[in-house]
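Undergrad: Sequence unavailable; structure follows:
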């Protein structure tokens, strides 16, 4: 099985279970640990990656679905952490513990790719699948607005 | 952008050799700048025991500070980072006291070692308890550098200052870099604690700034930060454990044949069976050890096992609820007594009474517990997201039957802690399995494991009664609270809260009422009880804050006026005024951190002013208010709720005023306030797990809900009250008042008084 | 609103065809073979109904036991949010319909749902997982309403009756209703039995139950 991960072609062993969630293939087989396990049932969003540009929950996505396709993880979102979302995240000091943040950032990046100037409602709707226990939501909203070039405060 | 304090991940991992070097020798491991070990992105972390011991000579006044002869400064963070920003706050506080330039400081995460003193990152104590000690650590180094410079210049040390990584003699405009002074300074005696003088606070230039970049921010947003499950060791295996559903349960029968047929599954290992008291022992069960996490998960699903549930099978949440309500309907152990509450109630013109219930709460850290261990040649080395690396070290040593000196515990970043990761059960599971397998083993908990095998915040029932006189004044206050205390996890058979448990919002409640009684009532523990962010304050603040609101309604008063009336005039309340024999006061002396009604009043006044309380029932919204003292900090919260078509109501705005005394790293304190309000919303709106036949019924976020982004107000207004004085707790105090503020706002909107959490259940939303 | 609708459906399932769906003429219909809640009757079970239109209506009411089962109706919401579970709670995590009935960016149906049920993850899946368009909303509707909607090419995706039969008998997303995975209760009967009932309904003239008899 061949998967392009962060721009690099990766070949998975023939005996890899095609039902293995992409999350575990990324973490355990490819050694990219920025994508997190939080629930295993697509309920928390910590494992969000881009599959051909679409945000997917890698914990429920069988690796076979990614076969022949392109996967981008947090490690590959940008060179040197310079994606506008990553920069806004740092500028507004969004993370607390940081565990959910790679998933949050991947969802936010997908949102802004499709909706460069999202409304507050669109932000809440598109980010609804990403849980944060520390409660960084207000700064997540503000950072998405900042990355979009909008005022940071809610309207 | 770059953080002013750099951290190298290599240092993070190998750095614990501080202990091998020893202070007196001034030997320190070289801080490598190699690639960060993030999976394939960098080399695998090197076990500390084999780490290079290239060392630089330097100045080591204590275990927290090292200055190399190149001026390169290393500051140890001996507390665990779980989102509260301690890895920025502590080193920058020390660096400021020292006079270091942040660009030349590297932060090193401490391993678990008693030489650091208390490392249990818990109780909102890192700054509260260690503010002066941490400054002394920097000041000692500063004084030694200044002494060396003064000697060289033949001037008085008092005439020198340390700043910008230099010692400067202003009268002659001479300056020497820290590095140049290290050889001489390191030969000087370390000043005695009493001889150490601190700078004026105004000179703490960085740590007092409105915001500081996040030390670990760049690593977090690029996915290279190392959490518990991210450490890789050569030849590692992954274990997932099938645990008995009830605490104290054990394996009755099992057949591993199907599990072992899953490709990648290596072995099924029987875990040790714990005995009460549970303490930090592994829960027991059967570990499926495999090459990959997925194989282990599939193996566990294929395992055939039946359980012997043990004595806790009898526990149902419904039964416990009835038992606790009976408990608070009869007299308990009186722990607070002022005047004569019985007589006052008997003579009252009106008696108001209410009962409140709060379920067991789970921590639900976003990172489920995980730890990796390797055991070889009689030594164990573990990497874990632990709040308490010393406890983890002790527990690993106990499980393996080796000395603590043979155990090294490295602390990774914690993907949330909230008290869960003070408990070492998951760390010793990894150590046990690493020995059994003769290979490094990572134990990975699933979300189900986390929800079902937690150390829960105590389930609770309370009964509050108040007597009103003919004019509506509150003349009596009678409070009973029943919950299985945390001590039950450590001393089997404990069922009744003790005086130190009731300090959290019962005994330290400032009341103007002349007749007060508070009693502790028994509740049988059926699960492992543990501390969870703000602990018993959650339910005490919920009940007291709701009851004051209920009294306001009964008295025909504005709730804000009722709060201020109940608190009474600004004053310090001593033990006698409170009617108590002692107040453990979160370990703080009462003269330094008294019960201060004035500070509680002030946050109520400020938060109601900010929220325009006088308009509290206008423009389709209603406000709810509550206030609370916890961890010697004073907090008041107002929440605004508006009607919602789909879900009855929605929280649209929040205000929080918090007075934590002197503040270090304001921005992180503010983020704790934001996060605390949101966790308080989760607790009140959705919180709680339930037991059926001793087993937790919830399994994942579908039935153990926490606030999602849409549940959170669009605006949270933060008012950080800069009262100065000794620093108080920050991490936990934002949480307790939120539940009552929400219930009170919802009452104002809907007329429905919710006395049992979670609120979502009461509205079926 | 959800609660009330859910109760109606519950009653329907419990007392089966006659009392709930009923049929138009005052003359009582011969009793149908009793079946368990999880079974479907076969077309032959309706042979005792002499009147073709009556028979057709009864066949549709039998089919509606599937159509109105939470497993099917959950993704035919009347609003923007699908439902889930036998209690027909609003879908959580919160998702919305989106412009193409497939969610919105970051929360697309395919962000989580796969082409089949996944082992251990509980997330249900089938090819082309999406919501029914709003004109095919069934939540809160009667069997008569649904019947007329299904027959209406303007509201059924431009399908002929033959295509409706084919769709119900063989579509894999429809078929998920009988193999929902995890511990979910399947729709009554089997897809083949359901397809046969729908085919028999079409063959008997595709008559719809009368609205006022619902």
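TA: Looks like it came in fine. Predicted, not measured: the structure shown is a model, and the values here were computed from it.
Undergrad: does the nearest residue to residue B:408 once chain neighbours are set aside sit in a helix, a strand or a coil?
TA: Excluding the flanking residues, the one nearest residue B:408 by C-beta to C-beta, 6 or more residues apart in numbering or on different chains is residue B:381, at 4.6 Å. The C-beta positions use only the backbone N, C-alpha and C, and glycine is treated the same way. The three-state label given to residue B:381 by DSSP: H, G, I helix; E, B strand; the rest coil is strand.
Undergrad: Residue B:191 versus the residue sitting nearest the centre point of chain C, what's the distance?
TA: The structure's chain C has its C-alpha centroid closest to residue C:67; by C-alpha atoms, centre = their mean the separation is 1.1 Å. Separation of residue C:67 from residue B:191 (C-beta to C-beta, to the nearest Å): 83 Å.
Undergrad: same deal with residue B:260?
TA: 63 Å.
Undergrad: Equivalent analysis for residue B:183, please.
TA: Relative to residue B:191, and taking C-beta to C-beta, residue B:183 is found at 18 Å.
Undergrad: Neighbour count: these two, which is higher?
TA: residue B:191 (18 against 13; other C-beta atoms under 10 Å in any protein chain shown).
Undergrad: Does the closest residue to chain B within chain C belong to a helix, a strand or coil?
TA: Closest approach between chain C and chain B, counting by C-beta to the nearest C-beta: residue C:120, at 5.7 Å. What three-state DSSP gives for residue C:120 is coil.
Undergrad: quick one, phi psi at it?
TA: Residue C:120 adopts backbone torsions of phi 70, psi -20, taken as degrees, to the nearest 10.
Undergrad: That one contacts residue A:40, doesn't it?
TA: Yes: Residue C:120 lies in contact with residue A:40 (C-beta atoms under 8 Å); the separation is 7.3 Å.
Undergrad: Now tell me which helix or strand of chain C has the poorest mean pLDDT.
TA: Least confident helix or strand, chain C: helix C:2-20 with a mean of 38, by mean pLDDT, DSSP states H and E.
Undergrad: Following element in sequence after that one, please.
TA: Downstream of helix C:2-20, the first helix or strand assigned by DSSP states H and E is helix C:52-67.
Undergrad: Show me what that following helix is packed up against.
TA: helix C:2-20, helix C:143-151, helix C:191-203 (3 or more C-beta pairs under 8 Å, 6 or more residues apart in numbering or on different chains; DSSP states H and E).
Undergrad: What separation is there between the closest residue in space to residue B:662 that isn't next to it in sequence and chain A?
TA: Spatial nearest neighbour of residue B:662, chain neighbours left out: residue B:727 (4.4 Å); criterion: C-beta to C-beta, 6+ apart. According to C-beta to the nearest C-beta, to the nearest Å, residue B:727 and chain A sit 20 Å apart.
Undergrad: which residues sit in contact with residue B:727?
TA: By C-beta atoms under 8 Å, 6 or more residues apart in numbering or on different chains, the contact list for residue B:727 reads B:127-128, B:131, B:660-664.
Undergrad: does the residue in chain A positioned nearest to chain B count as helix, strand or coil?
TA: Going by C-beta to the nearest C-beta, chain B is nearest to residue A:34 of chain A, at 2.0 Å. Of the three states, residue A:34 takes coil under three-state DSSP.
Undergrad: hang on, it packs against residue A:74?
TA: Yes: counting by C-beta under 8 Å, residue A:34 touches residue A:74, with 4.0 Å between them.
Undergrad: Endpoints of stretch B:218-225, how far apart?
TA: End-to-end distance for stretch B:218-225: 8 Å, by C-alpha to C-alpha, to the nearest Å.
Undergrad: Oops, could you answer that again for stretch B:113-120 instead?
TA: Start-to-end, stretch B:113-120 (C-alpha to C-alpha) is 11 Å.
Undergrad: what's the distance between that stretch and the middle of its chain?
TA: Stretch B:113-120 has its C-alpha centroid displaced from the chain centroid by 17 Å (C-alpha atoms, centre = their mean, to the nearest Å).
Undergrad: For stretch B:130-138, give me every contacting residue.
TA: Taking C-beta under 8 Å, 6+ apart as the rule, stretch B:130-138 contacts B:61-62, B:64-65, B:90, B:93-98, B:100, B:117, B:127, B:193, B:196, B:198-199, B:662, B:664, B:726-727.
Undergrad: before we move on, the earlier item: looking at residue C:120 and residue A:40, which one has more neighbours?
TA: Using other C-beta under 10 Å, the more surrounded residue of residue C:120 and residue A:40 is residue A:40, with 26 against 18.
Undergrad: ok, back up a step: tell me the contacts of the closest residue to the residue nearest to the centre of chain C other than its chain neighbours?
TA: Spatial nearest neighbour of residue C:67, chain neighbours left out: residue C:146 (5.7 Å); criterion: C-beta to C-beta, 6+ apart. Applying C-beta under 8 Å, 6+ apart to residue C:146 gives the contacts C:64, C:67-68, C:138.
Undergrad: need the residues of chain C near chain B, please.
TA: C:3, C:81, C:90, C:92-94, C:119-120 (C-beta under 8 Å from any C-beta of the partner chain).
Undergrad: give me that answer again for 10 Å
TA: Taking C-beta under 10 Å from any C-beta of the partner chain as the criterion, the neighbours of chain B within chain C are C:1-3, C:79-81, C:84-85, C:87, C:89-90, C:92-94, C:119-122.
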